[in-house]
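1. Sharing a sequence plus its predicted fold:
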Amino acid sequence: MSQPWDYIAKLVSLGDSGCGKSSLTIRLCEGRFVAHHDVTIGVEFGSRIVPVGPPASLSLNINNPSLQSPKADAASTNQVQKHMKLSLWDTAGQETYKSITRSYFRGASGALLVFDITRRSTFLSVTSWLHDLRQIAEEGIVVVLVGNKADLAPSSTVEPSEPSASGRTETENKRQVTRQEAEEWCKQNKVMQYVETSAKSGEGVERAFLEVAERIYQNIEAGKYDLNDRRSGVKGPGAGGVNTARTVNLGMNDAAAGRASKGGGCC
């Protein structure tokens, strides 16, 4: 029986404690939301197999495939769909475990830099986290900035929501970081993209991980990784590993129906 993936990529999630990193991983891997999660000590693991490259990337407009010519688009739709197993390393955000956490950045090909859009202090910390990541991880690691808890911030600005006729605010806007501010930070720090998510509702969660996966796949196609070198954070067909991660083989939009199952190794 052939394996259900073409590549394995190691991804790390990092950011301050309480930003919802573990909840994002559980939402992606198991399709459920955990309101209260114990503080992560060191690192926790998960995995998910996702489609990468055309035709899936074209249908989702991931990494701006519209820049391709119509002829290239037509050819891409006839390609055999490739799949990537994301080996997710959910790292601790507490300062106490930071020395341990940093060691897990080695050998990662992608990272989700997470902050809580309702707590400005967590956004101010992402610059430090990014610096640590780039000091330790391999050069060229793919990074996406993730603003989590979008369900608590219905507006893209920091203005409070308008009260209803009864005088009550139907959905209080707790946002402390604007979308524009986060996108500007990405430009200044050469971070690929900004995505807002809600681990509670599932909004944007798949998108955040798929943006990273797709860019890694593009780098593979461009020959930027040595698939036999563990430091690259990417493995090709025939790679093995320790059975420590939860694997869920799902399509692009059916995480909510996902079921966790025991799976193969990670990078």
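-> Right, received. Where do you want to start? Numbering: from 1, shown residues only.
2. Any stretches of the protein with poor pLDDT?
-> For the chain, the stretches flagged by pLDDT under 70 are 1, 36-42, 63-77, 93-100, 160-171, 238-267.
3. hey, where'd the strands end up in it?
-> With strands called from DSSP state E, the chain shows them at 7-14, 43-52, 82-91, 110-116, 142-148, 193-196, 234-235, 246-247, 261-262.
4. Rebuild those as TSV, extending it with distance to Ile220 and mean neighbour count.
-> Where you see a C-beta, it was placed from the backbone N, CA and C, and this is true even at glycine. Converted to TSV, these look like this (distance: least, C-beta to C-beta, whole Å; neighbours: other C-beta atoms under 10 Å):
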stretch	distance to Ile220	mean neighbour count
strand 7-14	6	27
strand 43-52	9	23
strand 82-91	9	25
strand 110-116	12	26
strand 142-148	11	27
strand 193-196	19	20
strand 234-235	6	26
strand 246-247	20	20
strand 261-262	26	10
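5. could I get those as a markdown table with distance to Cys186?
-> A markdown table is the format used below for the strands of the chain (distance: least, C-beta to C-beta, whole Å):
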| stretch | distance to Cys186 |
| --- | --- |
| strand 7-14 | 16 |
| strand 43-52 | 22 |
| strand 82-91 | 21 |
| strand 110-116 | 10 |
| strand 142-148 | 5 |
| strand 193-196 | 5 |
| strand 234-235 | 23 |
| strand 246-247 | 30 |
| strand 261-262 | 35 |
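6. looking at the ones you listed, which is closest to Leu28?
-> strand 43-52 (5.4 Å; C-beta to C-beta).
7. packing partners for the closest one?
-> On a contact count with 3 or more C-beta pairs under 8 Å, 6 or more residues apart in numbering; DSSP states H and E, strand 43-52 meets helix 21-30, strand 82-91, helix 205-221, strand 246-247.
8. pretty sure Gln176 contacts Ser155?
-> No. Between Gln176 and Ser155 there is no contact under C-beta atoms under 8 Å: 11.6 Å.
9. rewinding a little: export the helices and strands packed on strand 43-52 to CSV and tack on distance to Ser57?
-> Formatted as CSV, these follow (distance: least, C-beta to C-beta, whole Å):
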stretch, distance to Ser57
helix 21-30, 18
strand 82-91, 10
helix 205-221, 5
strand 246-247, 21
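10. Val12 is nearest to which of those?
-> strand 82-91 (4.6 Å).
11. Who are the packing partners of the closest one?
-> Looks like strand 82-91 contacts strand 7-14, helix 21-30, strand 43-52, helix 205-221 (3+ C-beta pairs under 8 Å, 6+ apart).
12. Give the partner strands of that strand in its sheet and their orientations.
-> Here strand 82-91 is paired, per DSSP bridges, with strand 7-14 (parallel), strand 43-52 (antiparallel).
13. Of all these, which one comes closest to Ile136?
-> Across the strands paired with strand 82-91, closest to Ile136 is strand 7-14 (C-beta to C-beta), at 10.1 Å.
14. so how far is that closest one off the chain centroid?
-> 8 Å (C-alpha atoms, centre = their mean, to the nearest Å).
15. Measure how it sits relative to strand 110-116, angle-wise.
-> Strand 7-14 runs at 30 degrees relative to strand 110-116, counting by axes from the mean of the first three to the mean of the last three C-alpha atoms, to 10 degrees.
16. out of the strands of the chain, nearest to Asn61?
-> That would be, of those and by C-beta to C-beta, strand 193-196, which comes in at 12.5 Å.
17. so what strands line up beside the closest one?
-> strand 142-148 (parallel).
18. list the contacts for Leu86?
-> Contacts for Leu86 (C-beta atoms under 8 Å, 6 or more residues apart in numbering) come out as 9, 11, 47-50, 209, 213.
19. What is the most widely separated pair among these?
-> Largest separation among these by C-beta to C-beta: Leu11 and Ile49, giving 12.9 Å.
20. possible to save the strands paired with strand 82-91 as JSON lines with distance to Arg32?
-> Converted to JSON lines, the strands paired with strand 82-91 look like this (distance: least, C-beta to C-beta, whole Å):
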{"stretch": "strand 7-14", "distance to Arg32": "17"}
{"stretch": "strand 43-52", "distance to Arg32": "12"}
